[in-house]
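Colleague: Make a model of this:
(chains A and B)
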Amino acid sequence: MLAIRNLNVHYGGIHALRGIDIDVPDGKIISLIGANGAGKSTTLKSVMGLVAKSDGRVFWDDTEITSLRTKDIVAEGIILCPEGRRIFPDLTVDENIAAGAYLRKDKAEIARDREWVYNLFPRLSERTWQLGATLSGGEQQMLAVARALMSKPKLLMLDEPSLGLAPLVIKDIFNVIQKIREDGVNILLIEQNAKVALDISDYAYVMETGVITMAGPGKALLSDPRVQQAYLGE
Amino acid sequence: MDTSGSRQASRTYYLRKNIIMGLLHTWLPYILAGIAVGGQYALIAIGYTMVYGILRLINFAHGDVFMWSGLIMVYLVTVLPLWLSVILVIAFAIVLGTTIERVAYRPLRTAPRMSIMISAIGVSYLLQNFALYITGGLTKTYPSISWLQKTVKIGSATTKMVTLITPVLTIVLVFILVMLIKHTKIGMAMRAVSRDFETSSLMGIDINRVITVTFIIGCALASIGSILYFSNYTGINPMSGAMPGLKAFVAAVFGGIGSVPGAVVGAFVIGICENLIKGAGWTTFSDAFTFVLLIIILMVKPTGLFGEKNLDKV
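Modeller: Take a look at the predicted model:
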């Protein structure tokens, strides 16, 4: 399980995160919802060591990963599937998939996981030799998730996987997210699309300008009038 | 009628053949020299283009690493056998290049691009002035490698072995490099990093290692280029890296900076054109040609022959 304790980040001269506490227990989907600029992406980036923390600690099971380098955090089994997909445009689909397994050396297992992700996203298996740049938005998002899964993560963090996608594609991706959870991967999900996220979350946090303002089981937050008014447009 | 027609035809055939042979006789030495110099520029240009591809930095110190490789060779051969000197020169260039990256570029990686560029210019002057201090500003005689100096005859032209070896060696090295970039894990990492630092490190790719490898390749090739280049020119002084460095840089821009095949094509074009201009008797203008070419490319096709269309990272 991942535990974030009193996380503080100063970013571009502003105090972007002001004492964040988040738990991601094993086998659960946890989501973090909130408006644009609330600090959701910053939270995930600082967990990955991409953004410097000014205070606070991060634990992964019993290990403290607060000040590890990004590649060592990936080696611990934590992966972030970044916002905006960030596919490598001039690598083929297959190479993008291989990039996800960059730190792994177990060739046989990598081949097996490759089959696994192509089964999760059959549309990608028809396009293995295409360049990443030539895929549609939905296919790129699938590729981004597939690439992240190739690191064989124990914790998958997804930053806005539904951004800019058609409702049908969103449904596909969220089905896969639930399937991945059944395979024993913990999931921390960031979404502006609060409805889809809360629907599948075991537990969720609501974030506003750098602080957690609400937390509770996904279904409970869905029916909370404050959440409905602020994030569900009802 | 018939016979006179065919006689006519065969006469024009021989006439044409004579003209072509005559032209070849006059121009072949210049074309050969151009190909050789082009290969030497190519070996330098690859370092510019690869570093630019990954760091978006024009490594102004690259030409001076090239010059220093030449200087070190001068000192090494006085005490060591040739083969060992060659190996040590390549090793020296690698150490110098990676040290420059670590000391002068790495701390500035998140700084505005202008700062790191100014730092590169500073390193370039530092290397030149240090060479000036060591040599006292005197031109040193580059050791003559007898095997490279051997004369060979190609058709009607007589030339040195180095003229033949350079393009062959360049093409072999470029082929190996392209295979490395296309088909190995570190090559894939280089392509990934050149497009997106952040996502690459999210995949567990060690950015610093990829950048170090890039500098190792660039400097090793430049030092091999220096052995071939100075074997042809004999004299070396602290400014000897500036002109070939600039020309290799223009070659990289001409080919589309960031592209390895582009830099190689650009280098050969510049090398050959320069020598044809010399052959035409306009030696004074051969350097100017390179820079006129640079101005024209920047006005007509700033991304070069094989350049990326979108140079700024998304």
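
Colleague: And the helices in chain B?
Modeller: For chain B, the helices identified by DSSP state H occupy B:2-55, B:62-76, B:82-100, B:113-135, B:146-149, B:161-183, B:185-195, B:197-202, B:207-233, B:242-255, B:260-279, B:286-300, in order along the chain.

Colleague: Now residue A:184: phi and psi?
Modeller: Residue A:184 has phi and psi values of phi 90, psi 20 when expressed as degrees, to the nearest 10.

Colleague: how near is it to chain B?
Modeller: The gap separating residue A:184 from chain B is 20 Å, by C-beta to the nearest C-beta, to the nearest Å. C-beta: built from backbone N, CA, C; applies to glycine.

Colleague: show me what contacts that residue?
Modeller: Applying C-beta atoms under 8 Å, 6 or more residues apart in numbering or on different chains, one finds that residue A:184 lies in contact with A:27, A:154.

Colleague: Tell me the confidence at it?
Modeller: The confidence metric pLDDT takes the value 86 at residue A:184.

Colleague: who's in contact with the nearest residue to residue B:105 once chain neighbours are set aside?
Modeller: Distance criterion C-beta to C-beta, 6 or more residues apart in numbering or on different chains; nearest residue to residue B:105, sequence neighbours excluded, is residue B:116 at 5.7 Å. Residue B:116 makes contact with B:55, B:57, B:105, B:108, B:109 under the criterion C-beta under 8 Å, 6+ apart.

Colleague: Of those residues, grab the buried ones for ChimeraX.
Modeller: Typed into ChimeraX, the line below selects the buried ones among the contacts of residue B:116, using 16 or more other C-beta atoms under 10 Å in any protein chain shown:
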select /B:55,57,105,108
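
Colleague: Out of the contacts of residue B:116, the closest to chain A would be?
Modeller: Nearest to chain A among these, counting by C-beta to the nearest C-beta, is residue B:109 at 13.5 Å.

Colleague: tell me the contacts of that closest one?
Modeller: Residues B:55, B:116 are the ones in contact with residue B:109 under the rule C-beta under 8 Å, 6+ apart.

Colleague: Tell me both backbone torsions, phi and psi, for it.
Modeller: Torsion angles at residue B:109 (phi, psi; degrees, to the nearest 10) stand at phi -60, psi -30.

Colleague: Against residue B:292, how distant is it?
Modeller: If you measure residue B:109 against residue B:292 using C-beta to C-beta, to the nearest Å, the figure is 35 Å.

Colleague: tell me, what residue is most central in chain A?
Modeller: Using C-alpha atoms, centre = their mean, the residue of chain A that lies closest to the mean C-alpha position is residue A:158, 1.5 Å off.

Colleague: quick one, what contacts the closest residue to residue B:142 other than its chain neighbours?
Modeller: The spatial neighbour of residue B:142 that comes closest, neighbours along the chain excluded (C-beta to C-beta, 6+ apart), is residue B:230 at 4.2 Å. With C-beta under 8 Å, 6+ apart as the criterion, the residues that contact residue B:230 are B:70, B:73, B:142, B:236, B:240.

Colleague: let's go with 7 Å and repeat that
Modeller: With contact set as C-beta atoms under 7 Å, 6 or more residues apart in numbering or on different chains, residue B:230 has these partners: B:70, B:142, B:236.

Colleague: Which single helix of chain A contains the most residues?
Modeller: Longest helix of chain A, by residue count under DSSP H: helix A:167-182.

Colleague: so what's the residue of chain B at minimum distance from chain A scoring on pLDDT?
Modeller: Of all residues in chain B, residue B:204 sits closest to chain A, at 3.7 Å by C-beta to the nearest C-beta. Residue B:204 is assigned a pLDDT of 95 by the prediction.

Colleague: Show me which residues of chain A are close to chain B?
Modeller: Taking C-beta under 7 Å from any C-beta of the partner chain as the measure of proximity, chain A contacts chain B at A:48, A:50, A:70-71, A:74-75, A:80, A:82, A:86, A:88-91, A:95, A:98-100, A:102-103, A:151.

Colleague: Pull out the buried residues from those residues.
Modeller: Using 16+ other C-beta under 10 Å as the threshold, A:48, A:50, A:70-71, A:74, A:80, A:82, A:86, A:88-89, A:91, A:95, A:98-100, A:102, A:151 are the buried ones among these.

Colleague: that older thread, tell me the spacing between the residue nearest to residue B:142 and residue B:300.
Modeller: According to C-beta to C-beta, residue B:230 stands 34 Å off from residue B:300.

Colleague: Which parts of chain A are helices?
Modeller: Using DSSP H, the helices of chain A run over residues A:40-47, A:70-75, A:93-100, A:107-120, A:122-125, A:137-149, A:167-182, A:194-200, A:218-222, A:225-231.
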